[in-house]
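J.: need coordinates for the following:
(one chain, ligands or ions: 1)
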Amino acid sequence: MDFNSHTDSIVRVAVGLVNELTPGERRGRDFSPPHDLAPAATEGLRTGYPGHREVTEVEAGELAEIAARLRVVFDAVAKGDVDAAALRVNDLLEKTRARPMLERHDGEPWHLHFHGPGGTMTGDWAASCATGLAIVLGSEHHDRLGVCTAPHCDRVYVDVSRNGTRRFCGTACQNRVKTTAFRARGRVS
Ligand SMILES: [Zn+2]
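T.: Here you go, the predicted model:
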């Protein structure tokens, strides 16, 4: 499954920002973003863009606010409320004033970028992430955004598997649930 490789990268950035910068639970433990936010925010961006430059502390704070707004969209889809998710995304598109622009760089063919009005890196990422989620929600794969279903984990994911059966944020949670199920069976027999 691919929306196209550039959209996939943008949606992975949205996932990375939510997972690194929003509080909640991760792999069975309480999670809060670190006090030193910049490395976490950089890590989030590099989830989709491995070569992204390091961000400043101010940019990291802005990205954390964006991440909180993006999380709401994942939460709504996970609850089966696609209508709420779509309204949220429309709100984000309007607030970020996402503007498409064909660009060509780093030897890549022409592809669409999305910019915010201010010419800032964080404004452009807010616009890009809003647009990436809009493309997913506007496609037949609108249910591919998810929140991990393992106990005590609320990290998010985008399911790009062929059959769309993903339920966990990663293999750590998948293995955690498998082990628990295996132990439960052991107690019964
Ligand atoms: Zn998880």
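J.: buried residues, the worst-scoring helix or strand of the chain on mean pLDDT. List them.
T.: Every helix and strand of the chain was ranked by mean pLDDT, DSSP states H and E. The lowest is helix 171-188, at a mean of 84. The neighbour-count check on helix 171-188 (16 or more other Cβ atoms under 10 Å) flags 173-174, 176-177 as buried. Just so you know, the C-beta spots here come from the backbone N, C-alpha and C atoms, and that holds for glycine as well.
J.: contacts for that helix next, please.
T.: The contact list for helix 171-188, computed with Cβ atoms under 8 Å, 6 or more residues apart in numbering, reads 27-28, 148-151, 153, 155, 167-168.
J.: residues from this protein in reach of the ion?
T.: Applying Cβ under 5 Å from the ion, we find that the chain lies next to the ion at 148, 150, 153, 155, 169, 173.
J.: biggest separation within the residues you listed, which pair?
T.: Farthest pair in those (Cβ to Cβ) is 150 and 155. Separation: 9.0 Å.
J.: tell me how far the nearest residue in space to residue 116 that is not next to it in sequence lies from residue 85.
T.: Of all residues beyond its chain neighbours, the one nearest residue 116 is residue 123 (3.1 Å), with distances taken as Cβ to Cβ, 6 or more residues apart in numbering. Distance from residue 123 to residue 85, counting by Cβ to Cβ, to the nearest Å: 22 Å.
J.: what about those two, which has more around it?
T.: The neighbour count for residue 123 versus residue 85, taken as other Cβ atoms under 10 Å, is higher for residue 85 (24 against 18).
J.: next, the contact list for residue 149, please.
T.: Neighbour list for residue 149: 167-168, 177 [criterion: Cβ under 8 Å, 6+ apart].
J.: before we move on, what about residue 25?
T.: Contact analysis of residue 25 by Cβ under 8 Å, 6+ apart lists 31, 152-155.
J.: so of those residues, which ones are in helices?
T.: When the contacts of residue 25 are checked against helices using DSSP state H, none is located there.
J.: quick check: phi and psi at the residue nearest to residue 116.
T.: Note on residue 123: backbone dihedrals following degrees, to the nearest 10 are phi -60, psi -40.
J.: do the same with residue 124
T.: Dihedral angles for residue 124 - degrees, to the nearest 10 - are phi -70, psi -40.
J.: what's the answer for residue 114, then?
T.: phi -130, psi 130.
J.: give me the distance between it and the ion.
T.: In this view, residue 114 and the ion are 29 Å apart by Cβ to the ion, to the nearest Å.
J.: same thing with residue 73?
T.: Residue 73 is 18 Å from the ion, by Cβ to the ion.
J.: list the contacts of that residue.
T.: Contacts for residue 73 were tallied using Cβ under 8 Å, 6+ apart; they are 85, 88-89, 92, 133, 137, 145.
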